[in-house]
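A.B. asks: what shape does this take:
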Amino acid sequence: TLKPIPPVNYDGSPDSRAFHQFLTEGTAYIKDGQVERKRRVFILAHYLKGRAREFYVREVSGDPYRWRLREFFMELFNYCFPVNFRMEQRAKLNKCYQNNKTVREYIYELSELWNMIGDVEDRQKVTRLWTGLSLTIQAELWKKELNPESSSFREVRNAAEIIEIAHSVPAHQHDKDKATPGSGGPSGNGHPNNRREEGRHRNRDRQNRNSPKGEGGSHKRHDDRHQWRSSPLSKKPDRLSPAEKERHAAEGLCYVCHQAGHISRNCPDRTTVKKVGTGNKPPGMHNFSIHVDLSE
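C.D. replies: Numbering: from 1, shown residues only. Just a heads-up that it's a prediction; the model follows:
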């Protein structure tokens, strides 16, 4: 078996947490050590210092075996703490609200005040817990069909903690989605963006199908113009140097085709237009004729 752990010494300072620590640890120590009831106060006296030890010497040491544990702690508290201490704790209790604290932190603060005040009824604890919670949690408690006049402290506490967790999930998920790059919505999978792309492709295809057939001719004419610009006939003749011009003039040669028999402005290479896509045939003219049979 484990050896009982002795309590931390208490010096009698008006510190509610230090007093409560000595109370809980001292009670556990004597119960784990199976100390007789009439010897419990005498054993705990070994862990009293300062003002607390002074109380034991003045009030208890004359007959320590007649003191019971509950009575000893109450008188020790009254001796070490101010007379109006409980009134101050009640005033703090009335002003204690959840505010920015979590549900557990709020309940812990209430429990400390209740321990110092003492003798607080269970129904008063439930009512104080309920009215001190945030209005959002109170509204959700009513939706869960709980009531401060009939529900237990455990029911209200457990429900409030669950509501708090439920309210924290959407905000956390929303921040996560906003931090995710390329997300297309709450799911973060980008599907809405894909649907918009598909819609644009469908609209483009629909416009192409509904466009008039004459647009094909315009594209063809555009291609013909492009071919005409890129054809060799459209290129300008190379510019001759002054020496070459003198030689062409002396020999009677054309400045364009470099052949004799004509001058450059009458050069066939300059005045002849070659239609693209017709080979060496002349451009000609379309003839729409009607043949009439006069034989009877």
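
A.B. asks: quick one, phi/psi of the nearest residue to Pro64 once chain neighbours are set aside?
C.D. replies: What sits nearest to Pro64 in space, not counting adjacent residues and going by Cβ to Cβ, 6 or more residues apart in numbering, is Phe42, at 4.4 Å. Every C-beta, even on glycine, is put in place using the N, C-alpha and C of the backbone. Dihedral angles of Phe42 (phi, psi; degrees, to the nearest 10) stand at phi -60, psi -40.

A.B. asks: quick check: Phe42 vs Ala52, distance?
C.D. replies: 15 Å (Cβ to Cβ, to the nearest Å).

A.B. asks: out of those two, which sits in the busier spot?
C.D. replies: Ala52 (22 against 16; other Cβ atoms under 10 Å).

A.B. asks: what helix or strand is Ala159 on?
C.D. replies: Using DSSP states H and E, the element containing Ala159 is helix 153-179.

A.B. asks: now do that helix, average pLDDT.
C.D. replies: Mean pLDDT, helix 153-179: 81.

A.B. asks: and what of stretch 55-65?
C.D. replies: 94.

A.B. asks: send the alpha carbons of that stretch over as PDB?
C.D. replies: Provided in PDB are the C-alpha atoms of stretch 55-65 (Å, rounded to 0.1, in the frame of the first residue of the first chain):
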ATOM      1  CA  PHE A  55      -5.300  29.300  17.100                       C
ATOM      2  CA  TYR A  56      -4.500  25.600  18.000                       C
ATOM      3  CA  VAL A  57      -2.600  26.600  21.100                       C
ATOM      4  CA  ARG A  58      -5.200  29.000  22.400                       C
ATOM      5  CA  GLU A  59      -8.400  27.100  21.500                       C
ATOM      6  CA  VAL A  60      -7.700  23.500  20.900                       C
ATOM      7  CA  SER A  61      -4.600  22.300  22.800                       C
ATOM      8  CA  GLY A  62      -6.400  22.100  26.200                       C
ATOM      9  CA  ASP A  63      -8.500  19.100  25.000                       C
ATOM     10  CA  PRO A  64      -7.700  18.200  21.300                       C
ATOM     11  CA  TYR A  65      -9.500  14.900  21.500                       C
END
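
A.B. asks: so what touches that stretch?
C.D. replies: 12, 38-39, 41-42, 45, 48, 67, 72, 75-76, 79-80 (Cβ atoms under 8 Å, 6 or more residues apart in numbering).

A.B. asks: which ChimeraX command selects the buried ones in those?
C.D. replies: Restricted to buried positions by 16 or more other Cβ atoms under 10 Å, the ChimeraX selection for those reads:
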select :12,41,42,45,48,67,72,76,80
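
A.B. asks: ok so Leu146 is a helix residue?
C.D. replies: No: counting by DSSP: H, G, I helix; E, B strand; the rest coil, Leu146 is not found in a helix; it is coil.

A.B. asks: contacts only, for the residue lying closest to Glu251 once chain neighbours are set aside.
C.D. replies: Distance criterion Cβ to Cβ, 6+ apart; nearest residue to Glu251, sequence neighbours excluded, is Ala260 at 7.1 Å. Contacts for Ala260 (Cβ under 8 Å, 6+ apart) come out as Glu251, Gly252, Leu253, Cys254.
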